[in-house]
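> Predicted structure and sequence below. I'll ask about it afterward.
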Amino acid sequence: MTTTASTTHDHPDFLAHHWDTPKQQFEAGKLGMWLFLATEVLLFGGLFVGYAVWRGNHPELFKFGSQYLDTTMGAINTVVLILSSLTMAWAVTCAQRGNRKGLIIGLLLTLAGAGGFLGIKYFEYSHKFNEGWFPGAYFYDKPSDRSHTWDDNLPVPGAGQLVVPVPDTEARSIEELGLPADILVELSTVVPPGQGPSGLEELALTDTVHTDDHAEHEMHALQREDRPANAHMFFNIYFMMTGLHGLHVLGGVGVMIWLLIGAVKGRFNEKYFTPVDLGGLYWHIVDLIWIFLFPLFYLI
Amino acid sequence: MTTIDTTKPTPGAETPPVDNYLTHSTGIMSWLGTLDHKRIGVMYLVSILTAFFLGGMFAMLLRLELMFPGEQILSQDQYNMAFTLHGVIMVFLVIIPSVPASLGNFVLPIMLGAKDVAFPRLNLFSYYLWVTGAVLAVSSIFFGGVDTGWTLYVPYSTSGTQMNGILLVTFAVFVLGFSSIFTGINFIVTIHRLRPPGMTWFRMPLFLWAIYATGILQVMATPVIGITVALLAVERLFGIGIFDPALGGDPVLFQHFFWFYSHPAVYIMILPGMGIISELISVHSHKHIFGYKFIAFSSVAIAIFSFIVWGHHMFLSGQSPLMNVVFSAITFSVAIPSAVKVFNWLATLYKGSISFNTPMLYALSFLVLFTISGLTGLHLGTLATDIHLHDTYFVVAHFHYTMMGGALIAMIGGIHHWWPKITGRMYSEFLGRIACGLIFIGFNLTFFTQFMLGSKGMPRRYHDYAGDNWNPTVTELFGKYHFWSSIGSFVMAAGFFLIAFYLLHSLFRGKKAPANPWGGRSLEWQCASPPPHDNFSEPPHVGDPYDFTVLEWDEQEQGYHWRHDLKHEPGEA
């Protein structure tokens, strides 16, 4: 150990006292970041496994639900995110070369990419919310049909209402589902078609009270009686996965702003660029996860 | 014991450095905002032991309730909440962070001859995450409580009435998970990047190998419980329908996710304990550890196996018979690395010069208890017997032998081993041995009776074992076992209170500890007790951590130091 020697001279400000050399500190930071990214992959890994299980059990839901995602918007977002990864990589290179101006521009462009992504995601989400394509118990045909909000009359999910699984007696053929004939399809057997779980209550209400209202509305596809049972389940996993990814993009925006402040203050130079490097790694994993999410939801 | 005048400087001893990590700076903020791994380790230790006390109190309530048939002190709902909180506190707040976060934090960088862990700020942050998680988990009892058991199985957790309690516990588990992840990342990077020159991987003390394997598990397994409880919370809040069968979800998926984490978590709990035992047995036998590489690699093997056996918790969940057979087979193979460790420890003891110090007594207790836990695990891993024993007290007894008889006994042994280093004080050896005996006897009385209860068919998590439908002879039998189990738990509690008494007493009246009271060879015994702020005033001498031939006993110093007839290099104690 050369600790005693290095503390007296050649110990720059950014070097924490327990490290001997900047290289050692940089490598440790990088290893730590890679480990953190591994935990991120595993965090999403749980959801990807969930996706695989669900898709295996209910292929018709994914076939049906994915029609309601806007592929164009998804594709634009993919391009935006990949470009922002490029600008981030550029920012990292600039930081390593001590090019402060390039670093600031790179970070700003990346921020713009992140903002653009979130903006498009906002339009996508709000469209779905307006249509009532909520996940789970709040999946409705149209929110405007609702005579009340969820926290007064509606059953609070999990508040003791147990819907007994009912076999789907009106089993539909594979052709009707629009799936290739050679695929083995196990139809959802949990809840009769057309009735989300809380929809059980809701439909009972609408049948007696709002029947006329119902007829006045143009029938949306998701309202059709022939939609697969539990159509809401597609939106469950869609919102969970893209939502968690969106939160990570938000986190990335925070990181980028912090880096930007540091860059403007001139904290980074060719000797010390660890935070920029690590922030870049984080941004790339966020990008990479989206690159898996896009085809899984929008394309296949 | 305490009659020795502590103010008189021990003649011949090296003048202890005036400045140590405890006196380096003062004031409450110098602790709460500290980046010193030693202080963070001490804060963890105090916090975890506080949580242990709380969890123990819940256990006492349960044992009081079950002491006699019929309702004693808890209603059925209160009983459910009490065992749930006992489990949540003991698993997530105590045993998972116990050894790595407290003793590991204190000892690991010193064992490496480093000044600190790789990321001191992350270390402090993970401590405060732990505190947040602890507050959330414990506060759940004021918001309706949780009655699902610590496993939070769906649909209990999605359809029960304890809405807020469940949410608080899921948030707590999420936050505690990140605390655990950050600790793991910190230790892995520290071991990779801060080993001193000369300390190759196979010259590390085995405790570090165990912490390293644990770190891998923490990093690789914990995110899965994070996403699981996050989904559970969203399920609870918005009825998203991932797990809840009423919403089309899959409750068995929850069990898969849960055990994908919680089985590796068993090894997050036990591996550091095994690391401590490797140290204790070698040091207190004054004999080189037997089969160093086998013990080191068996830690890694256990870590790897632990990821592919989770299905053995779900033999009766309706998963496919083929999966049951596969999981059962892999479960048996975990016995191999575990047995490798036990036999190597026994071989280390063989012809060793064993000192029956308090830490060593805990190590020997561990050997007995862990072997029982491992062997009874085989009954549960066997498909046919598991059908009979599933969800009975046999399971309860089995995992208490592992978690408490294994992980916690090892931790208490570790606390006694490093107490002189941490506090600079010696505790009463006499009381220490008595307390260890009380705990050993009390523990076996508490839990061995539960093996018998379980094999006779007493289901776990039952509030009562009498009633209209109970056969009187069965009730009488269960009553007898439960009664003695409760008596055992009181004996154990007495042991723990005795420990608390003499350890606190030693802080004020204890004899000053020498730098190396037990004759340890790893680096932490080369710095003063308690260590100075930067751990080492001079770079320590790295060598074989189990080569005790270079040390000799110094009667005046009441400790070990480097043999005078050997070349004495600077920094060697």
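Cool, the structure landed. Nothing here was measured: the structure is a model prediction, and the numbers come from that model.

> from here on, contacts and neighbour counts on C-alpha atoms
Fine.

> for chain A, what are the nearby residues on the stretch 451-573 of chain B?
B:Pro539 (CA under 8 Å from any CA of the partner chain).

> Let me see the ranges of the strands in the stretch 451-573 of chain B.
In the stretch 451-573 of chain B, the strands defined using DSSP state E, counting those that start in this stretch lie at B:511-512, B:551-554, B:559-562.

> most tightly surrounded among those strands?
For those, the largest average neighbour count (mean count of other CA atoms under 10 Å in any protein chain shown) is found in strand B:511-512, namely a mean of 22.

> Give me the helices and strands touching that one, please.
Contacts defined by 3 or more CA pairs under 8 Å, 6 or more residues apart in numbering or on different chains; DSSP states H and E place strand B:511-512 against strand B:425-426.

> could the strands of the stretch 451-573 of chain B be laid out in TSV, adding mean pLDDT?
Below are the strands of the stretch 451-573 of chain B laid out as TSV (pLDDT from 0 to 100):
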stretch	mean pLDDT
strand B:511-512	92
strand B:551-554	88
strand B:559-562	87
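
> out of those, which comes closest to B:Thr132?
Among the strands of the stretch 451-573 of chain B, strand B:511-512 comes nearest to B:Thr132, with 35.7 Å by CA to CA.

> if we can go back for a sec, now for the strands of the stretch 451-573 of chain B, which one comes closest to A:Trp258?
strand B:511-512 (48.6 Å).

> Sheet partners, orientation included, of the closest one?
strand B:425-426 (antiparallel) (DSSP bridges).

> for chain B, where's the lowest mean pLDDT among helices and strands?
The helix or strand of chain B with the lowest confidence, counting by mean pLDDT, DSSP states H and E, is helix B:156-159 at a mean of 83.

> cool, and chain A?
helix A:197-208 (a mean of 33).

> Can you name the residue of the stretch 451-573 of chain B that approaches chain A most closely?
At 6.2 Å from chain A, B:Pro539 is the closest residue in the stretch 451-573 of chain B, using CA to the nearest CA.

> Nearest residue to B:Leu49 in space, please, no chain neighbours.
With sequence-adjacent residues excluded and distances taken as CA to CA, 6 or more residues apart in numbering or on different chains, B:Leu49 is closest to B:Val94, at 7.5 Å.

> Show me what counts as buried in the helix or strand hosting B:Ile216.
Under the criterion of DSSP states H and E, B:Ile216 resides in helix B:206-238. Residues of helix B:206-238 classed as buried under the neighbour-count rule (16 or more other CA atoms under 10 Å in any protein chain shown) are B:206-238.

> now stretch B:259-279
Those would be B:259-279, for stretch B:259-279 by 16+ other CA under 10 Å.

> If I look at A:Ser188, what pLDDT would I see?
For A:Ser188, the pLDDT comes out at 36.

> pLDDT of the helix or strand containing A:Phe123, averaged?
Secondary structure from DSSP H and E places A:Phe123 in helix A:100-131. Average pLDDT, helix A:100-131: 92.

> Stretch A:79-91 now?
Stretch A:79-91 comes out at a mean pLDDT of 96.

> same thing with stretch B:417-434?
On average, stretch B:417-434 scores 95.

> what's the pLDDT at residue 230?
Since you didn't name a chain, this refers to chain A. So A:Asn230 comes in at 71 (pLDDT).

> To clarify, I was referring to chain B.
93.

> That one touches B:Thr170, doesn't it?
Yes. Counting by CA atoms under 8 Å, B:Thr170 is a contact partner of B:Ala230 at 7.1 Å.

> quick one, what contacts residue 298?
No chain in the question, so chain A it is. A:66, A:69-71, A:74 (CA atoms under 8 Å, 6 or more residues apart in numbering or on different chains).

> hm, I was asking about chain B
B:337-338, B:340-341.

> Swap in 6 Å and give it another go.
B:Pro337 (CA atoms under 6 Å, 6 or more residues apart in numbering or on different chains).

> Mind checking what helix or strand follows the one helix or strand it maps to in sequence?
Following DSSP H and E, one finds B:Ser298 within helix B:292-305. Downstream of helix B:292-305, the next assigned helix or strand under DSSP H and E is helix B:321-349.

> helices or strands up against that next one?
Here helix B:321-349 touches no other helix or strand, going by 3 or more CA pairs under 6 Å, 6 or more residues apart in numbering or on different chains; DSSP states H and E.

> so how far is it from its chain's centroid?
20 Å (CA atoms, centre = their mean, to the nearest Å).

> So for it, what gets flagged as buried?
So, applying 16+ other CA under 10 Å, buried residues of helix B:321-349: B:324-325, B:327-331, B:334-335, B:337-338, B:340-345, B:348-349.

> mean confidence for the helix ranked longest in chain A?
As assigned by DSSP state H, the longest helix anywhere in chain A is helix A:22-57. Mean pLDDT, computed over helix A:22-57, is 92.

> List the buried residues for it?
A:22, A:25-26, A:28-48, A:50-51, A:54.

> Show me what the particular helix or strand that has A:Leu250 in it is packed against.
If you go by DSSP H and E, A:Leu250 is part of helix A:232-264. Helices and strands touching helix A:232-264, by 3+ CA pairs under 6 Å, 6+ apart, are helix A:59-65.

> OK, contacts around B:Ile227?
By CA under 6 Å, 6+ apart, the neighbours of B:Ile227 are A:Leu43.

> go on, A:Pro135?
Per CA under 6 Å, 6+ apart, neighbours of A:Pro135: A:232, A:235-236, B:240.

> Just among these, which is most surrounded?
With neighbours taken as other CA atoms under 10 Å in any protein chain shown, the top of the contacts of A:Pro135 is B:Ile240, carrying 30 neighbours.

> quick one: secondary structure of it?
With DSSP: H, G, I helix; E, B strand; the rest coil as the basis, B:Ile240 sits in coil.

> So what's the predicted local confidence for it?
Confidence score, pLDDT, at B:Ile240: 80.

> How about the one 5 residues further on?
The confidence metric pLDDT takes the value 80 at B:Pro245.

> Quick check: chain neighbours aside, which residue is closest to it?
Nearest to B:Pro245 is B:Pro251, by CA to CA, 6+ apart, at 6.3 Å.

> gap between B:Asp534 and B:Leu22?
Using CA to CA, to the nearest Å, B:Asp534 is found at 12 Å from B:Leu22.

> Give me the common contacts of these two.
Counting by CA under 6 Å, 6+ apart, nothing touches both B:Asp534 and B:Leu22.
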